[in-house]
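>>> 3D, please:
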Amino acid sequence: MNNYPELANQLTTSLQLSLPPIAVAFSDAAPAGVPAFDGTVPAGCSFWQEAATRTFATSAADHALCSIGIHTHHLTPAPATHGGELQEALQAMSGLDYVRAEEVAAIPVLQREVQHAVYGPLADFPLSAEIVLLFAHAQQGLILSEAVARVDEGVPAAMGRPACAVVPQVVNQGRAAMSLGCCGARAYLDAMSDDVALWALPADKLDAYCKEIGVLANANTILTVFHERRRTDVEAGQRPTVQESLARLS
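So this is what the prediction gives:
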């Protein structure tokens, strides 16, 4: 029995998330009891937003309009049009000097083939999650970066295009990462507003991340008041010591 409901509540409460944490898992067979996705999306990243309210399973066919996502997620069997679509997309991006050949080679790709990708709210996810996704603004990201650095013992990676590459990055490395998204993800996802980034956490470390997030969220709240009151005092012409500013908290 997992404790996903408790962990989802901790993340949502500590970080004051607008969207619930999203779980992602990969499966060789369509998981029993999980409905297949029943719509059409322009890109694989669209599933992240869809998964805020329901759990569903996807296959490579559901990702057919997103050749980059099929590539990064190593989805198979790829649609017959995949190779041509991928090359056309890369050529168009290369023509704009958006992506260069050496940068394409460096884009993370899942090391194993994937038949099905399953998405849904972490709180009631029926499978063993591999990745947990969080949509977080800068202040929430501050807490996440501090917590991740403690658990992973290093500064988390900050990634750019393509947004979907953050998933294989985290699966392959076993360390959390932040994605600033890409112009595609920001066009397709209402959740990725200008002030929001995507965080991906390896699910097998979620308990440890949540513990540190709770501690650091509380510390940040208290220290924010400390700094706000200290600023007020200084702007009023005072020169408070640290002890005097700390006394203002009580």
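
>>> doesn't residue 201 make contact with residue 174?
No - counting by Cβ atoms under 8 Å, residue 174 does not reach residue 201; the two are 10.6 Å apart. For the C-beta atoms, the positions are set from N, CA and C on the backbone; glycine is no exception.

>>> Pull the residues that contact stretch 8-18.
Contact with stretch 8-18 is made by 20-21, 121-123, 132, 134-136, 140, 143-144, 191, 210, 213-214, 217, as judged by Cβ atoms under 8 Å, 6 or more residues apart in numbering.

>>> Give the buried residues for it.
Buried positions in stretch 8-18, judged by neighbour count with 16 or more other Cβ atoms under 10 Å: 8-12, 14-15, 17.

>>> cool, stretch 109-118 as well?
Judged by neighbour count (16+ other Cβ under 10 Å), stretch 109-118 contains these buried residues: 110, 114, 116-118.

>>> can you list the residues you listed in CSV and add pLDDT, secondary structure and distance to residue 64?
CSV is the format used below for those (pLDDT from 0 to 100; DSSP: H, G, I helix; E, B strand; the rest coil; distance: Cβ to Cβ, whole Å):
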residue, pLDDT, secondary structure, distance to residue 64
110, 90, coil, 18
114, 91, strand, 14
116, 94, strand, 14
117, 94, strand, 13
118, 97, strand, 18
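
>>> okay, and the helix or strand of the chain with the least pLDDT?
Lowest on mean pLDDT, DSSP states H and E among the helices and strands of the chain sits helix 82-95, with a mean of 75.

>>> Pull the distance from that helix to the chain's centre.
25 Å (Cα atoms, centre = their mean, to the nearest Å).

>>> do the same with stretch 203-220
15 Å.

>>> what residues does it touch?
3, 7, 10-11, 14-15, 23, 128-132, 142-144, 146-148, 150-152, 174, 176, 201.

>>> So which of the residues you listed sit within helices?
Using DSSP state H, 7, 10-11, 14-15, 142-144, 146-148, 150-152 are the members of these that sit in helices.

>>> are any of those buried, and which?
The neighbour-count test (16+ other Cβ under 10 Å) marks 7, 10-11, 14-15, 143-144, 146-148, 150-152 as buried among the ones in helices among the contacts of stretch 203-220.

>>> circling back to that earlier point, just the buried residues of stretch 109-118 now: which is nearest residue 36?
residue 116 (8.9 Å; Cβ to Cβ).

>>> What is the longest helix of this protein by residue count?
helix 206-235.

>>> which residue sits farthest out from the middle of this structure?
Within the chain, the residue lying farthest from the chain centre (Cα atoms, centre = their mean) is residue 237, at 43.8 Å.

>>> Please report phi then psi for it.
Backbone torsions for residue 237, taken as degrees, to the nearest 10, come to phi 100, psi 0.

>>> Distance check, it against residue 247.
Using Cβ to Cβ, to the nearest Å, we find residue 237 at a distance of 18 Å from residue 247.

>>> Same check on residue 38?
Taking Cβ to Cβ, one finds residue 38 at 60 Å from residue 247.

>>> more crowded one of those two?
A direct count of neighbours by other Cβ atoms under 10 Å for residue 38 and residue 247 places residue 247 higher, at 10 against 7.

>>> ok, the more buried one - contacts?
Neighbours of residue 247 in contact, by Cβ under 8 Å, 6+ apart: none.

>>> again with residue 123
Residue 123 touches 4-5, 8-9, 20-21, counting by Cβ under 8 Å, 6+ apart.
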